[in-house]
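[1] I would like to see how this sequence folds:
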Amino acid sequence: MNSTLPFNLIRRRGLMLVLSSPSGAGKTTLSRRLMENDKEISLSISVTTRAPRKNETNGLDYTFVDATEFNLMINRGQLLEHAKVFGNYYGTPRAPVNAALEKGRDVMFDIDWQGSQQLAEKARDDLVSIFILPPSWAELERRLMGRAQDGPSEINLRMAKATDEMSHWAEYDYVIVNRDIDQSVEALRSILLAERLKRQRQIGLSDFVGGLQAGR
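    Residues are numbered from 1 along each chain as shown. You can find the predicted model right below:
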(Lines give C-alpha, C1' and ligand atoms only; values in the text may rest on other atoms or scores of the structure.)
Protein backbone atom coordinates (compact mmCIF):
# COMPACT_ATOMS: atom_id res chain seq x y z
CA MET A 1 0.00 0.00 0.00
CA ASN A 2 1.46 3.37 -1.10
CA SER A 3 4.86 1.67 -1.50
CA THR A 4 6.02 4.29 -4.03
CA LEU A 5 5.64 7.25 -1.69
CA PRO A 6 8.78 9.39 -1.24
CA PHE A 7 10.69 8.40 1.89
CA ASN A 8 9.84 11.68 3.64
CA LEU A 9 6.07 11.14 3.37
CA ILE A 10 4.92 8.99 6.28
CA ARG A 11 2.06 6.62 5.60
CA ARG A 12 -0.59 6.42 8.28
CA ARG A 13 -3.72 4.42 8.91
CA GLY A 14 -6.95 6.37 9.00
CA LEU A 15 -9.03 6.66 12.15
CA MET A 16 -12.71 6.51 13.02
CA LEU A 17 -13.82 9.75 14.67
CA VAL A 18 -17.09 9.27 16.55
CA LEU A 19 -19.22 12.23 17.60
CA SER A 20 -22.15 11.51 19.91
CA SER A 21 -24.55 13.81 21.74
CA PRO A 22 -28.18 14.28 22.60
CA SER A 23 -30.19 15.71 19.70
CA GLY A 24 -29.69 19.46 19.50
CA ALA A 25 -26.26 19.64 21.15
CA GLY A 26 -24.66 20.63 17.84
CA LYS A 27 -22.73 17.60 16.61
CA THR A 28 -24.04 17.85 13.05
CA THR A 29 -22.99 21.50 12.77
CA LEU A 30 -19.60 20.71 14.28
CA SER A 31 -18.96 17.81 11.92
CA ARG A 32 -19.86 19.90 8.87
CA ARG A 33 -17.61 22.76 9.94
CA LEU A 34 -14.72 20.40 10.53
CA MET A 35 -15.05 18.73 7.14
CA GLU A 36 -15.28 22.06 5.30
CA ASN A 37 -11.60 22.72 6.05
CA ASP A 38 -10.20 19.20 6.29
CA LYS A 39 -10.17 17.10 3.13
CA GLU A 40 -8.66 14.04 4.83
CA ILE A 41 -11.89 13.21 6.64
CA SER A 42 -15.31 12.29 5.31
CA LEU A 43 -18.64 11.44 6.88
CA SER A 44 -19.73 7.84 7.10
CA ILE A 45 -23.04 7.40 5.30
CA SER A 46 -25.34 5.41 7.54
CA VAL A 47 -28.05 3.07 6.35
CA THR A 48 -31.47 3.57 7.96
CA THR A 49 -35.02 2.28 7.85
CA ARG A 50 -36.59 5.65 8.59
CA ALA A 51 -38.25 7.70 5.87
CA PRO A 52 -36.18 10.50 4.31
CA ARG A 53 -36.92 14.08 5.30
CA LYS A 54 -37.74 16.63 2.61
CA ASN A 55 -34.19 17.99 2.39
CA GLU A 56 -32.40 14.61 2.42
CA THR A 57 -30.92 12.75 -0.55
CA ASN A 58 -30.59 8.98 -0.69
CA GLY A 59 -26.92 7.96 -0.74
CA LEU A 60 -25.75 11.39 0.36
CA ASP A 61 -27.36 11.98 3.75
CA TYR A 62 -28.35 8.36 4.41
CA THR A 63 -28.93 5.19 2.46
CA PHE A 64 -32.61 4.43 2.97
CA VAL A 65 -33.69 0.78 3.05
CA ASP A 66 -36.64 -1.21 4.37
CA ALA A 67 -36.51 -3.38 7.48
CA THR A 68 -36.05 -6.59 5.48
CA GLU A 69 -32.94 -5.33 3.70
CA PHE A 70 -31.55 -3.93 6.95
CA ASN A 71 -31.88 -7.32 8.67
CA LEU A 72 -30.21 -9.00 5.71
CA MET A 73 -27.27 -6.63 6.04
CA ILE A 74 -26.94 -7.58 9.72
CA ASN A 75 -27.06 -11.30 8.92
CA ARG A 76 -24.44 -10.92 6.18
CA GLY A 77 -22.07 -9.14 8.57
CA GLN A 78 -22.12 -6.02 6.42
CA LEU A 79 -22.59 -3.56 9.30
CA LEU A 80 -19.93 -2.40 11.74
CA GLU A 81 -22.62 -1.28 14.16
CA HIS A 82 -26.37 -0.85 14.30
CA ALA A 83 -28.95 0.47 16.74
CA LYS A 84 -32.63 1.26 17.08
CA VAL A 85 -33.28 4.97 17.68
CA PHE A 86 -36.76 6.51 18.00
CA GLY A 87 -38.35 3.43 16.44
CA ASN A 88 -36.05 3.25 13.41
CA TYR A 89 -32.86 1.30 12.72
CA TYR A 90 -29.51 2.85 11.81
CA GLY A 91 -26.25 1.15 10.88
CA THR A 92 -22.76 1.69 9.46
CA PRO A 93 -21.72 -0.26 6.32
CA ARG A 94 -18.40 -2.02 6.93
CA ALA A 95 -16.80 -2.07 3.45
CA PRO A 96 -16.46 1.68 2.68
CA VAL A 97 -15.08 2.40 6.17
CA ASN A 98 -12.41 -0.30 5.95
CA ALA A 99 -11.40 0.90 2.47
CA ALA A 100 -10.99 4.49 3.68
CA LEU A 101 -8.89 3.51 6.71
CA GLU A 102 -6.55 1.44 4.55
CA LYS A 103 -6.01 4.45 2.28
CA GLY A 104 -5.08 6.65 5.24
CA ARG A 105 -8.35 8.59 5.22
CA ASP A 106 -10.35 9.34 8.35
CA VAL A 107 -14.05 8.60 8.70
CA MET A 108 -16.42 10.57 10.93
CA PHE A 109 -19.44 8.95 12.57
CA ASP A 110 -22.55 10.74 13.79
CA ILE A 111 -23.86 7.90 15.97
CA ASP A 112 -25.20 7.34 19.48
CA TRP A 113 -23.59 5.62 22.47
CA GLN A 114 -24.87 2.19 21.41
CA GLY A 115 -23.09 2.42 18.09
CA SER A 116 -19.96 3.78 19.73
CA GLN A 117 -19.84 0.80 22.10
CA GLN A 118 -20.11 -1.63 19.18
CA LEU A 119 -17.31 0.10 17.29
CA ALA A 120 -15.14 -0.04 20.42
CA GLU A 121 -15.71 -3.78 20.65
CA LYS A 122 -14.76 -4.38 17.01
CA ALA A 123 -12.08 -1.77 16.26
CA ARG A 124 -10.89 -0.02 19.43
CA ASP A 125 -7.43 0.80 18.03
CA ASP A 126 -8.98 2.75 15.15
CA LEU A 127 -11.53 4.58 17.29
CA VAL A 128 -11.47 8.13 18.69
CA SER A 129 -14.71 8.99 20.49
CA ILE A 130 -15.98 12.44 21.47
CA PHE A 131 -19.15 13.31 23.37
CA ILE A 132 -20.74 16.71 22.76
CA LEU A 133 -22.65 18.28 25.65
CA PRO A 134 -24.95 21.31 25.52
CA PRO A 135 -24.10 24.24 27.82
CA SER A 136 -27.46 23.94 29.63
CA TRP A 137 -30.77 22.11 29.58
CA ALA A 138 -32.60 25.26 28.52
CA GLU A 139 -30.22 25.83 25.61
CA LEU A 140 -30.70 22.25 24.43
CA GLU A 141 -34.46 22.76 24.32
CA ARG A 142 -34.05 26.11 22.54
CA ARG A 143 -31.86 24.56 19.85
CA LEU A 144 -34.30 21.72 19.24
CA MET A 145 -37.19 24.12 18.85
CA GLY A 146 -35.12 26.41 16.61
CA ARG A 147 -34.33 23.63 14.13
CA ALA A 148 -38.01 23.52 13.09
CA GLN A 149 -37.55 19.91 11.99
CA ASP A 150 -39.79 18.23 14.55
CA GLY A 151 -43.19 18.83 16.09
CA PRO A 152 -43.79 19.41 19.82
CA SER A 153 -44.31 15.71 20.59
CA GLU A 154 -41.05 14.75 18.86
CA ILE A 155 -39.16 17.50 20.70
CA ASN A 156 -40.54 16.26 24.02
CA LEU A 157 -39.43 12.73 23.14
CA ARG A 158 -35.93 13.90 22.29
CA MET A 159 -35.65 15.93 25.49
CA ALA A 160 -36.76 12.94 27.55
CA LYS A 161 -34.16 10.73 25.84
CA ALA A 162 -31.39 13.30 26.37
CA THR A 163 -30.99 12.44 30.06
CA ASP A 164 -30.21 8.82 29.26
CA GLU A 165 -27.91 9.75 26.38
CA MET A 166 -25.88 12.16 28.52
CA SER A 167 -25.39 9.48 31.19
CA HIS A 168 -22.90 7.78 28.83
CA TRP A 169 -20.47 10.72 28.59
CA ALA A 170 -17.80 8.94 30.69
CA GLU A 171 -17.50 6.14 28.11
CA TYR A 172 -15.89 8.53 25.60
CA ASP A 173 -12.25 9.52 25.07
CA TYR A 174 -13.02 13.25 24.99
CA VAL A 175 -15.86 15.55 26.06
CA ILE A 176 -16.62 18.98 24.56
CA VAL A 177 -19.19 21.35 26.05
CA ASN A 178 -20.52 23.17 23.00
CA ARG A 179 -20.91 26.72 24.36
CA ASP A 180 -19.43 28.40 21.28
CA ILE A 181 -19.36 26.78 17.86
CA ASP A 182 -16.00 28.27 16.79
CA GLN A 183 -14.25 27.19 19.99
CA SER A 184 -15.77 23.72 19.74
CA VAL A 185 -14.58 23.34 16.15
CA GLU A 186 -11.06 24.31 17.20
CA ALA A 187 -11.19 21.74 20.00
CA LEU A 188 -12.23 19.09 17.48
CA ARG A 189 -9.37 20.05 15.16
CA SER A 190 -6.86 19.82 17.99
CA ILE A 191 -8.07 16.36 18.98
CA LEU A 192 -7.96 15.13 15.39
CA LEU A 193 -4.44 16.45 14.80
CA ALA A 194 -3.11 14.87 18.00
CA GLU A 195 -4.72 11.51 17.22
CA ARG A 196 -3.29 11.50 13.68
CA LEU A 197 0.19 11.96 15.12
CA LYS A 198 -0.01 8.98 17.46
CA ARG A 199 2.92 6.68 16.82
CA GLN A 200 0.83 3.55 16.25
CA ARG A 201 -1.19 5.22 13.49
CA GLN A 202 1.90 6.32 11.56
CA ILE A 203 2.48 2.95 9.95
CA GLY A 204 5.20 4.33 7.67
CA LEU A 205 7.24 5.71 10.55
CA SER A 206 9.70 2.79 10.69
CA ASP A 207 10.58 3.25 7.01
CA PHE A 208 10.93 7.00 7.52
CA VAL A 209 13.30 6.61 10.49
CA GLY A 210 15.25 3.98 8.56
CA GLY A 211 15.67 6.51 5.76
CA LEU A 212 16.96 9.10 8.18
CA GLN A 213 19.45 6.66 9.66
CA ALA A 214 20.63 5.79 6.16
CA GLY A 215 21.32 9.46 5.49
CA ARG A 216 18.39 10.06 3.15
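
[2] so how far is residue 26 from the closest residue to residue 184 other than its chain neighbours?
    In space, and not counting its chain neighbours, residue 184 is closest to residue 178: 4.7 Å by Cβ to Cβ, 6 or more residues apart in numbering. The way it works is simple: take the backbone N, C-alpha and C, and place the C-beta from them, glycine included. Distance of residue 178 to residue 26, computed by Cβ to Cβ, to the nearest Å: 4 Å.

[3] What of residue 202?
    31 Å.

[4] Looking at those two, which one has more neighbours?
    Taking other Cβ atoms under 10 Å, residue 202 and residue 26 do not tie; residue 26 has more neighbours (23 against 16).

[5] That one: what's it in contact with?
    Residues near residue 26 by Cβ atoms under 8 Å, 6 or more residues apart in numbering: 132, 134, 143, 178, 181, 184.

[6] Go ahead and report the secondary structure state at residue 108.
    strand (DSSP: H, G, I helix; E, B strand; the rest coil).

[7] My read is that it contacts residue 32, right?
    No. Contact criterion Cβ atoms under 8 Å: residue 108 and residue 32 do not qualify, at 9.9 Å.

[8] ok, which stretches of this structure are helices?
    27-36, 67-75, 94-102, 113-123, 137-147, 152-166, 181-196, 205-213 (DSSP state H).

[9] ok, and what's touching the lowest-mean-pLDDT helix or strand in the chain?
    Within the chain, no helix or strand scores below helix 137-147, which has a mean of 77 by mean pLDDT, DSSP states H and E. Outside helix 137-147, the residues that touch it by Cβ under 8 Å, 6+ apart are 22-26, 134, 150, 155, 158-159, 162.
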